[in-house]
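Trainee: got a predicted structure plus its sequence, pasted below:
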Amino acid sequence: MTTSGWTITLLLLSLSSSASSSHLYINTPAPPPATSAHPPSGSAQDRCPLTISPSVLVIRFGDPVTLNCSVNQMEFEILGWEVSLVTKSGEKERPDFVAPVQFKGPPDPTMERFLVWNVERMTEWDIKLTCFALSYQWRQCSLKLPVLVYKLPEAVSISFVNHTGPLLEGRQYTLQCDVQDVAPVENLTVTFYKGTAALGTLQAKNCVTTPATEVFTLTISPHRDDDGVQYWCEAKLMLGPNGPRHPPVMTSEKITAAVLFDPQLICPTKLQVREGERLSCEVRGNPPPFVTWYRNGEVVVLPARARREDAGKYTALARWLLELKNFTVEVEVLGHGSTNSCDRYFLLLVVLIQIINCM
């Protein structure tokens, strides 16, 4: 408000107070909250002794709030609130005592030491609030209240960019997290997860204060161990120390990844088994390959109880999608109870010789 505007307001209030006090805010408010805004200390405090509670307003769109402005010096006779709304073009402000179209404006200025403003619903996104004080000696001062209006996302979703269906091991894919109609976007962070492990956190770069939809992407390269894992994303509004104790969070649904990987031999290429044990060796892939075992050029079934004559080279032919892969395993069949029966008898003979020499 300009100096002339405040002067006219002061004169009008002075004249009207002698005739009627119906326009003044005369309700007795509750004590103000502990957190409050103060002008700078020292001489600035002497010039403008205003206090606002709360000192910083962080409010969800549509919620109610109570604001209190007080002055601690008697020479200031008039206390009031001023509202400034930024136009859609963002080029100018419109200060006024009159309430805008969906927003109930501030109470009339008062000659009390405090003025409480009960906002029934916060319905403005970019709003500037100022408490001002006037005196009959033409002194004036004002104090602005920092305001942050926020809104939780309408929805958070996750998907793969330009891809549906299974993933191929080793290839790169892009995860996309869409956060719809959230405000303010510049306070938004998104974290991508694989199971319970965080893959990365991204910060929004948009600075608009009105609700907007923001898109975040992250590149991944799946491994066969990722088959069956779940990917999801989490949107969080970081509203600072004056915001909610726990930052507002919304998560997406979870998408389960099917990772295709080529066949792999699940046993040593040189395999030792004891007589009577199962010759166990697998070829795994996703989708599971069709495996045929060969020995000496003939199709065989791996023995359930290995014998000495089962030793030798085995070849696995794995048919997987449109590929063929070969694996060779050299099998050694050991005697019962030891790695080698001859070694066992040799050790026994050495022990007997030592016993005889000691007698």
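Mentor: Alright, I've got the coordinates. Numbers count the residues shown, from 1 in each chain.

Trainee: use CA for all of it now, contacts and neighbours both
Mentor: Fine.

Trainee: what segments of this structure are helices?
Mentor: 3-19, 43-47, 341-358 (DSSP state H).

Trainee: once you drop chain neighbours, what's closest to Glu75?
Mentor: What sits nearest to Glu75 in space, not counting adjacent residues and going by C-alpha to C-alpha, 6 or more residues apart in numbering, is Ser135, at 6.0 Å.

Trainee: what's the spacing between that neighbour and Met74?
Mentor: Separation of Ser135 from Met74 (C-alpha to C-alpha, to the nearest Å) stands at 9 Å.

Trainee: quick one, which of these two is more surrounded?
Mentor: A count of neighbours by other C-alpha atoms under 10 Å puts Ser135 above the other of Ser135 and Met74, at 17 against 10.

Trainee: can you name the residues bridging to the more buried one?
Mentor: Phe76 (DSSP bridges).

Trainee: going forward, begin numbering at 22 instead of 1
Mentor: New numbering, starting at 22: the last item is Ser156.

Trainee: okay, now the unreliable bits of the chain?
Mentor: Scanning the chain with the threshold set as pLDDT under 70 gives 22-68, 107-126, 159, 358-368, 371-372, 380.

Trainee: if we go to 90?
Mentor: 22-72, 92-100, 103-135, 139-141, 147-148, 154-163, 225-230, 266, 342-344, 356-380 (pLDDT under 90).

Trainee: related to what we said a few turns ago, so the residue nearest to Glu96 sits right up against Phe97, yeah?
Mentor: Yes - at 4.3 Å, Ser156 counts as touching Phe97 under the criterion of C-alpha atoms under 8 Å.

Trainee: ok, now how distant is the residue lying closest to Asp331 once chain neighbours are set aside from Glu303?
Mentor: In this structure, Asp331 finds its nearest non-sequential neighbour in Val354, 7.1 Å apart by C-alpha to C-alpha, 6+ apart. Separation of Val354 from Glu303 (C-alpha to C-alpha): 18 Å.

Trainee: ditto for Tyr171
Mentor: From Tyr171 across to Glu303, the span is 57 Å (C-alpha to C-alpha).

Trainee: show me which of the two is the more surrounded one.
Mentor: Neighbour count, other C-alpha under 10 Å: between Tyr171 and Glu303, Tyr171 has more, with 24 against 12.

Trainee: Ser105 touches Trp146, doesn't it?
Mentor: No - using C-alpha under 8 Å, Ser105 makes no contact with Trp146, being 11.5 Å away.

Trainee: give me the more crowded residue out of these two.
Mentor: For the pair Ser105 and Trp146, the greater number of neighbours falls to Trp146 (21 against 18), based on other C-alpha under 10 Å.

Trainee: burial count for the residue nearest to Asp331?
Mentor: 22.

Trainee: swap in Ser242?
Mentor: By other C-alpha under 10 Å, 13 other residues sit near Ser242.
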